[in-house]
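Peer 1: Attaching a predicted model along with its sequence, questions to come.
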Amino acid sequence: MPLLIFLFVFVGTPLVELYLLIRVGAVIGALPTIALSLLTAAIGGYLVRLQGLGVLMRVRAMLARDQLPALELLDGAVLLLTGFALLLPGFVTDIIGFLLLVPPLRQALIRRYVQVVPVTVVRPGPDAESGPRVIEGSFRREDD
(Lines give C-alpha, C1' and ligand atoms only; values in the text may rest on other atoms or scores of the structure.)
Protein backbone atom coordinates (compact mmCIF):
# COMPACT_ATOMS: atom_id res chain seq x y z
CA MET A 1 0.00 0.00 0.00
CA PRO A 2 2.74 2.55 0.81
CA LEU A 3 4.33 1.78 -2.56
CA LEU A 4 1.07 2.59 -4.35
CA ILE A 5 0.78 5.89 -2.50
CA PHE A 6 4.40 6.70 -3.32
CA LEU A 7 3.87 5.89 -7.01
CA PHE A 8 0.69 7.95 -7.16
CA VAL A 9 2.24 10.99 -5.51
CA PHE A 10 5.59 11.01 -7.26
CA VAL A 11 4.70 9.49 -10.63
CA GLY A 12 0.96 9.76 -11.17
CA THR A 13 0.46 13.35 -10.03
CA PRO A 14 3.23 14.84 -12.21
CA LEU A 15 1.94 12.90 -15.22
CA VAL A 16 -1.61 14.17 -14.66
CA GLU A 17 -0.28 17.71 -14.13
CA LEU A 18 1.76 17.56 -17.33
CA TYR A 19 -1.20 16.22 -19.29
CA LEU A 20 -3.48 18.99 -18.01
CA LEU A 21 -0.88 21.69 -18.66
CA ILE A 22 -0.55 20.50 -22.26
CA ARG A 23 -4.34 20.34 -22.73
CA VAL A 24 -4.93 23.78 -21.21
CA GLY A 25 -2.00 25.17 -23.20
CA ALA A 26 -3.55 23.82 -26.39
CA VAL A 27 -6.82 25.59 -25.61
CA ILE A 28 -5.67 28.99 -24.28
CA GLY A 29 -2.05 29.07 -25.43
CA ALA A 30 1.32 28.52 -23.80
CA LEU A 31 1.90 32.01 -22.35
CA PRO A 32 -1.56 32.33 -20.76
CA THR A 33 -1.12 28.85 -19.26
CA ILE A 34 2.23 29.83 -17.74
CA ALA A 35 0.78 33.14 -16.53
CA LEU A 36 -2.19 31.34 -14.97
CA SER A 37 0.11 28.92 -13.19
CA LEU A 38 2.24 31.78 -11.84
CA LEU A 39 -0.86 33.75 -10.83
CA THR A 40 -2.30 30.87 -8.84
CA ALA A 41 1.05 30.40 -7.10
CA ALA A 42 1.22 34.10 -6.18
CA ILE A 43 -2.38 34.31 -4.95
CA GLY A 44 -2.05 31.04 -3.07
CA GLY A 45 1.20 32.09 -1.44
CA TYR A 46 -0.38 35.34 -0.27
CA LEU A 47 -3.43 33.56 1.16
CA VAL A 48 -1.28 30.92 2.88
CA ARG A 49 0.78 33.70 4.45
CA LEU A 50 -2.33 35.45 5.79
CA GLN A 51 -3.82 32.27 7.21
CA GLY A 52 -0.44 31.17 8.56
CA LEU A 53 -0.15 34.39 10.54
CA GLY A 54 -3.59 33.71 11.99
CA VAL A 55 -2.49 30.23 13.04
CA LEU A 56 0.67 31.65 14.59
CA MET A 57 -1.36 34.14 16.62
CA ARG A 58 -3.68 31.35 17.87
CA VAL A 59 -0.67 29.20 18.84
CA ARG A 60 0.88 32.09 20.77
CA ALA A 61 -2.41 32.84 22.53
CA MET A 62 -2.83 29.22 23.59
CA LEU A 63 0.76 29.00 24.83
CA ALA A 64 0.21 32.19 26.83
CA ARG A 65 -2.77 30.46 28.50
CA ASP A 66 -0.60 27.36 29.18
CA GLN A 67 -2.63 25.23 26.78
CA LEU A 68 -1.25 22.71 24.31
CA PRO A 69 -1.88 24.03 20.76
CA ALA A 70 -1.89 20.58 19.13
CA LEU A 71 -4.69 21.19 16.62
CA GLU A 72 -3.30 24.61 15.75
CA LEU A 73 0.12 23.08 15.06
CA LEU A 74 -1.53 20.51 12.79
CA ASP A 75 -3.35 23.39 11.11
CA GLY A 76 0.01 25.07 10.52
CA ALA A 77 1.47 21.86 9.11
CA VAL A 78 -1.44 21.49 6.69
CA LEU A 79 -0.99 25.14 5.67
CA LEU A 80 2.68 24.44 4.99
CA LEU A 81 1.73 21.53 2.73
CA THR A 82 -0.92 23.73 1.12
CA GLY A 83 1.67 26.38 0.32
CA PHE A 84 3.93 23.73 -1.17
CA ALA A 85 1.07 22.40 -3.31
CA LEU A 86 0.26 25.89 -4.56
CA LEU A 87 3.86 26.57 -5.52
CA LEU A 88 4.05 23.44 -7.64
CA PRO A 89 3.19 24.11 -11.27
CA GLY A 90 -0.05 22.47 -12.28
CA PHE A 91 -3.77 22.72 -11.89
CA VAL A 92 -4.49 19.60 -9.81
CA THR A 93 -2.16 20.68 -7.00
CA ASP A 94 -3.57 24.21 -7.24
CA ILE A 95 -7.12 22.90 -6.82
CA ILE A 96 -6.05 20.79 -3.85
CA GLY A 97 -4.17 23.76 -2.38
CA PHE A 98 -7.07 26.18 -2.77
CA LEU A 99 -9.49 23.64 -1.27
CA LEU A 100 -7.19 23.30 1.75
CA LEU A 101 -7.24 27.08 2.15
CA VAL A 102 -10.93 26.85 3.12
CA PRO A 103 -10.73 26.74 6.95
CA PRO A 104 -13.80 24.51 7.60
CA LEU A 105 -12.58 21.96 5.07
CA ARG A 106 -9.07 22.03 6.52
CA GLN A 107 -10.42 21.66 10.07
CA ALA A 108 -12.58 18.69 9.01
CA LEU A 109 -9.53 17.04 7.45
CA ILE A 110 -7.50 17.60 10.63
CA ARG A 111 -10.32 16.24 12.84
CA ARG A 112 -10.54 13.15 10.62
CA TYR A 113 -6.76 12.69 10.79
CA VAL A 114 -6.79 12.91 14.60
CA GLN A 115 -9.60 10.31 14.77
CA VAL A 116 -7.81 7.85 12.49
CA VAL A 117 -4.18 8.24 13.60
CA PRO A 118 -3.47 7.19 17.19
CA VAL A 119 -2.04 10.04 19.23
CA THR A 120 0.12 9.40 22.28
CA VAL A 121 0.99 12.16 24.70
CA VAL A 122 4.06 11.52 26.83
CA ARG A 123 4.49 13.61 29.93
CA PRO A 124 7.35 13.53 32.40
CA GLY A 125 6.61 11.70 35.62
CA PRO A 126 6.88 13.15 39.12
CA ASP A 127 10.52 12.06 39.39
CA ALA A 128 11.57 13.87 36.22
CA GLU A 129 14.26 16.44 36.73
CA SER A 130 14.24 19.71 34.86
CA GLY A 131 17.97 20.37 34.99
CA PRO A 132 21.12 18.43 34.24
CA ARG A 133 21.87 15.42 36.40
CA VAL A 134 24.72 16.10 38.84
CA ILE A 135 26.41 13.34 40.81
CA GLU A 136 28.45 14.62 43.73
CA GLY A 137 31.32 12.79 45.35
CA SER A 138 35.00 12.88 46.14
CA PHE A 139 37.85 11.24 44.30
CA ARG A 140 41.46 10.41 44.86
CA ARG A 141 44.04 10.24 42.08
CA GLU A 142 46.41 7.31 42.16
CA ASP A 143 49.60 7.86 40.18
CA ASP A 144 51.60 4.97 38.79
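Peer 2: On my side now, so go ahead.
Peer 1: can you map out the helices along the chain?
Peer 2: 2-7, 13-28, 30-64, 70-87, 91-100, 103-116 (DSSP state H).
Peer 1: May I see these organised as TSV, with mean pLDDT and distance to residue 140 added?
Peer 2: C-betas here are computed from N, CA, C, even on glycine. Supplementary listing: the helices of the chain in TSV, determined by pLDDT from 0 to 100; distance: least, CB to CB, whole Å:
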stretch	mean pLDDT	distance to residue 140
helix 2-7	86	59
helix 13-28	94	69
helix 30-64	93	50
helix 70-87	92	52
helix 91-100	94	66
helix 103-116	92	58
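Peer 1: show me the contacts for residue 52.
Peer 2: Contacts for residue 52 (CB atoms under 8 Å, 6 or more residues apart in numbering) come out as 76, 79, 80, 83.
Peer 1: again, only this time at 7 Å
Peer 2: For residue 52, the contact set (CB atoms under 7 Å, 6 or more residues apart in numbering) comprises 76, 79.
Peer 1: Of the helices of the chain, which is nearest residue 138?
Peer 2: Ranking these by their distance to residue 138 (criterion: CB to CB) puts helix 30-64 first, at 44.0 Å.
Peer 1: Buried residues in that closest one, which are they?
Peer 2: Across helix 30-64, burial judged by 16 or more other CB atoms under 10 Å covers 33, 36-37, 40-41, 44, 47-48, 51-52, 55, 58-59, 62.
Peer 1: center of this structure - which residue?
Peer 2: residue 77 (2.7 Å; CA atoms, centre = their mean).
Peer 1: what's stretch 75-87 in contact with?
Peer 2: With CB under 7 Å, 6+ apart as the contact definition, stretch 75-87 has outside contacts at 40-41, 44-45, 48, 51-52, 55, 93-94, 96-97, 100-101, 106, 109-110.
Peer 1: Do you know the pLDDT at residue 127?
Peer 2: pLDDT recorded at residue 127 is 62.
Peer 1: Ignore what I typed, I meant residue 8.
Peer 2: For residue 8, pLDDT reads 86.
Peer 1: so what's it up against?
Peer 2: By CB under 7 Å, 6+ apart, the contact list for residue 8 is empty.
Peer 1: Could you report the distance from it to residue 109?
Peer 2: As judged by CB to CB, to the nearest Å, residue 8 and residue 109 stand 18 Å apart.
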